[in-house]
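> Build the 3D model from these lines:
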Amino acid sequence: MDNNYVLPLLPEMAVFVTVAEEESFSKAGRKLGLATSSVSRSINRLERSLQTKLLERTTRKVRLSTAGSEVYEQCKQMLESAKSAVQVAHSNLEEARGVLRIAAPKAFAKQILSPLVLDFLQTYSGVTVKFRVADHFIDPVSEDVDVIFRLTDQPLEGLISKTLMQTNLVLCATPVYLEIFGVPAHPGDLLDHQCITLDEQTGDNEWKFTNEQQKVKIKTQSRFSVNHTEIRKDAVLRNLGISIFPDFTVESELRDGTLVAVLPDWHVAGNYQGKVILQYAQSRFIPIQIRKFVDFMAERFASL
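Predicted coordinates for the structure are as follows:
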């Protein structure tokens, strides 16, 4: 087949892959930075050129037709080959440059990661960083992220992993609060306290504790819940109650005595603790901006 026939179709095929994966013209447009009408025109041009109906449209979403499924697989391979070609070129560059897309949980990003990312930007002026901060799970493949940071003991399979540090959860209150309401000696005592909870998902008001002999689950009572670490910390600092934090978010307050660890002999179970793991895709050719970023982060975390 003549290249002059195929070449104009390549951008339309890339749009088609995104529409198929997002199952929506509008979502594909947002991901690609295109108007929905422009996405629709691209699909119409591709279908006319191929003389094949690729998508079945409904009022809520679009789905691949039988022929579209086969075309999608070929187009997806085309895009992966194009990305590999770019990676090969970038991996051979002597100077780091290009776009780097990273993602991390909110509290970790603010307290620990953001100053290191800014240091990286100042060190490597040729790199453009797109930084996504979100507590929900981000799939690095489908959401087009180069490097993700996760607080977990179970890294995603199929990705290269580098452990950077360990973090744990700590139960905290102010000395003033504890003087007024008393110091809990056992997790069961928390039933008589104001517990400021995360309220991010069902069960966040159930706090789980373990020590060498016991496992205890407490359904806490709270006047205030919020899925933002800084706001919860502000509430605790105003003597409004007790709350659970990743240790790195309250390190300075614990050190200067503004906050006090409660039930220090008990382990607090929950999300946002474990190993801090950096992950990125396996490839024969890792783009230089990713390699430099991984090495930079490993060096900086080793000195924390």
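> what's the spacing between the helix or strand bottoming out on mean pLDDT in the chain and its chain's center?
The helix or strand of the chain with the poorest confidence is helix 3-6; it has a mean of 71 (mean pLDDT, DSSP states H and E). Distance of helix 3-6 from the chain centroid (C-alpha atoms, centre = their mean, to the nearest Å) equals 40 Å.
> can you check stretch 44-56 too?
On C-alpha atoms, centre = their mean, the centre of stretch 44-56 falls 36 Å from that of its chain.
> Over to stretch 185-203?
That offset, for stretch 185-203, works out to 26 Å (C-alpha atoms, centre = their mean).
> go on, stretch 35-51?
A distance of 33 Å separates the centroid of the chain from that of stretch 35-51, by C-alpha atoms, centre = their mean.
> for stretch 177-186, same thing?
Using C-alpha atoms, centre = their mean, the offset of stretch 177-186 from its chain centre is 36 Å.
> now swap in stretch 251-262 and tell me
Distance, centroid of stretch 251-262 to centroid of chain: 28 Å (C-alpha atoms, centre = their mean).
> got it, and stretch 222-235?
How far stretch 222-235 lies from its chain's middle: 21 Å, per C-alpha atoms, centre = their mean.
> all strands of the stretch 51-200 of the chain, in order?
For the stretch 51-200 of the chain, applying DSSP state E, counting those that start in this stretch gives strands covering 55-57, 62-64, 98-104, 127-133, 147-152, 159-167, 169-173, 195-196.
> Dump the ones you listed into CSV; add distance to Asn205, mean pLDDT and mean neighbour count as well.
Backbone N, C-alpha and C define where each C-beta goes, glycine included. Formatted as CSV, the strands of the stretch 51-200 of the chain follow (distance: least, C-beta to C-beta, whole Å; pLDDT from 0 to 100; neighbours: other C-beta atoms under 10 Å):
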stretch, distance to Asn205, mean pLDDT, mean neighbour count
strand 55-57, 44, 86, 15
strand 62-64, 39, 88, 16
strand 98-104, 26, 94, 20
strand 127-133, 25, 95, 15
strand 147-152, 21, 92, 20
strand 159-167, 22, 93, 15
strand 169-173, 14, 96, 22
strand 195-196, 8, 94, 24
